[in-house]
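# Got a sequence here, can you model it:
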Amino acid sequence: MENIPVRYIYTGSKELGSFETFSIRNIQDLLHGEDMVQELHRHDFFYILALEKGEGNHEIDFKSYQICDNSVFFMRPGQVHQLVLKAGSKGYLMEFKPDFYYCTDQLSSQIFRKASKMNHSHSDENRFRKLLSVLTYIFQEFTTRQENYQEVIKANLDIFFIELVRQDIKKHPDDINLYTQGRFEEFLELLETHVINYKQVSQYAELLNLSIYQLNAITKATLGKRCSVLINEYIILESKRYLLATTSQVSQIAAYLGYGDVSYFIRFFKKHTGYPPEIFRSKYIQTTRVI
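I've put the predicted structure just below:
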């Protein structure tokens with residue numbers, strides 16, 4: 001079974017294995033006047049691409065976004081993406097491991113969870129300037145590395161996430177209470193961790209100390225979908241990740257995802273996508289080559 005290519009945070013040192021838990025880089029310095037073209041891969045860290053000026057295309061978990069000015073891309077560990085970023089783009093690329101930024105209270109945790117679910121957001125110039133000023137300060141702290149600079153960076157990350165969520169609330173106000181939102185995000189985290197072994201609503205309800213009815217009420221209130229639908233959607237997403245980012249055989253992917261019967265997995269995949277896995281893979285490859 002082939003693994004999806006994983007990239008790590010690099011310190012800039014030439015020493016083998018020189019990695020760290022946080023990095024922020026200036027996009028213009030990173031591009032060096034050339035286009036950035038990245039093939040499909042995933043990270044083991046949080047990834048934030050904030051662009052004051054930008055042109056290109058960014059595909060995250062097979063959803064394509066046209067890159068434009070005043071935009072932010074926020075990816076969680078495990079998501080797959082491919083990026084084409086044109087020369088002349090301006091902004092920052094920030095990366096950090098889960099153990100670098102940790103929330104000390106429930107509200108901070110809820111804000112961070114909500115921010116990290118926003119794969120793409122677009123602001124007007126004035127709102128984006130607030131985000132950019134925070135990132136510029138973080139970049140200066142990371143570059144100079146004065147005493148306790150990591151604590152200063154973490155404090156500014158709190159501000160950045162609050163502002164990012166504020167801007168989203170202004171565009172998409174909702175009436176979901178914090179408890180419902182928090183339990184829903186707990187469910188999503190469990191789903192990402194346990195989907196290979198747990199595929200039943202009852203299993204997640206038990207992990208969350210909820211009844212099946214309560215868990216379904218939470219998923220309906222947040223996304224308007226039953227819990228079983230979300231489980232199936234995530235299985236399909238993880239299937240696509242391995243089909244399109246590796247050359248593993250369908251039987252290997254099925255076994256990895258917990259399906260001993262490959263024919264059942266093929267029927268399941270076709271039911272939810274319209275194509276058998278191999279046909280889906282070949283169509284995607286043909287499409288990306290045309291683009």
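# buried set for stretch 183-190?
The neighbour-count check on stretch 183-190 (16 or more other C-beta atoms under 10 Å) flags 183, 184, 185, 186, 187, 188 as buried. C-betas here are computed from N, CA, C, even on glycine.
# Of these, which belong to strands?
In strands, judged by DSSP state E, none of the buried residues of stretch 183-190 are found.
# Please tabulate the residues you listed in TSV, including the columns pLDDT.
Converted to TSV, the buried residues of stretch 183-190 look like this (pLDDT from 0 to 100):
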residue	pLDDT
183	89
184	90
185	86
186	89
187	94
188	91
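# For the stretch 1-150 of the chain, just list every one of the helices.
Using DSSP state H, counting those that start in this stretch, the helices of the stretch 1-150 of the chain run over residues 27-31, 106-116, 125-144, 149-171.
# was I right about residue 135 contacting residue 50?
Yes: shown here, residue 135 and residue 50 form a contact pair, counting by C-beta atoms under 8 Å, at 5.7 Å.
# Could you pull out the strands in the chain for me?
6-7, 22-26, 36-43, 46-53, 56-60, 63-67, 71-75, 80-85, 90-96, 120-122.
# wait, which of those is closest to residue 271?
Closest approach to residue 271 among those is made by strand 63-67 (20.8 Å; C-beta to C-beta).
# relative orientation of the closest one and strand 71-75 in degrees?
150 degrees (axes from the mean of the first three to the mean of the last three C-alpha atoms, to 10 degrees).
# Can you get me the centre-to-centre distance for strand 63-67 and its chain?
14 Å (C-alpha atoms, centre = their mean, to the nearest Å).
# same question, stretch 88-95
Using C-alpha atoms, centre = their mean, the offset of stretch 88-95 from its chain centre is 17 Å.
# What lies in contact with that stretch?
Identification of contacts with stretch 88-95 by C-beta atoms under 8 Å, 6 or more residues apart in numbering yields 9, 22-28, 30-31, 43, 45-56, 67, 132, 135-136, 138-139.
# With stretch 263-279 instead?
Residues outside stretch 263-279 that contact it (C-beta under 8 Å, 6+ apart) are 232-233, 235-236, 239-240, 243, 250, 253-254, 257, 259, 280, 283.
# ok, back up a step: now, of the contacts of stretch 88-95, which are buried?
Buried by 16+ other C-beta under 10 Å: 9, 22-25, 27, 31, 43, 45-56, 67, 132, 135, 138-139, out of these.
# Can you list the low-confidence ranges for the stretch 51-200 of the chain?
Scanning the stretch 51-200 of the chain with the threshold set as pLDDT under 70 gives 169-176.
# check contacts around the nearest residue to residue 237 once chain neighbours are set aside.
Distances taken as C-beta to C-beta, 6 or more residues apart in numbering put residue 61 closest to residue 237, at 6.1 Å, once the chain neighbours are dropped. Residue 61 makes contacts with 79, 80, 81, 119, 237, 240, 241, as judged by C-beta under 8 Å, 6+ apart.
# want to try JSON lines for those, with neighbour count and distance to residue 214 as columns?
Formatted as JSON lines, the contacts of residue 61 follow (neighbours: other C-beta atoms under 10 Å; distance: C-beta to C-beta, whole Å):
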{"residue": "79", "neighbour count": "17", "distance to residue 214": "28"}
{"residue": "80", "neighbour count": "23", "distance to residue 214": "32"}
{"residue": "81", "neighbour count": "23", "distance to residue 214": "34"}
{"residue": "119", "neighbour count": "17", "distance to residue 214": "28"}
{"residue": "237", "neighbour count": "15", "distance to residue 214": "25"}
{"residue": "240", "neighbour count": "20", "distance to residue 214": "30"}
{"residue": "241", "neighbour count": "19", "distance to residue 214": "30"}
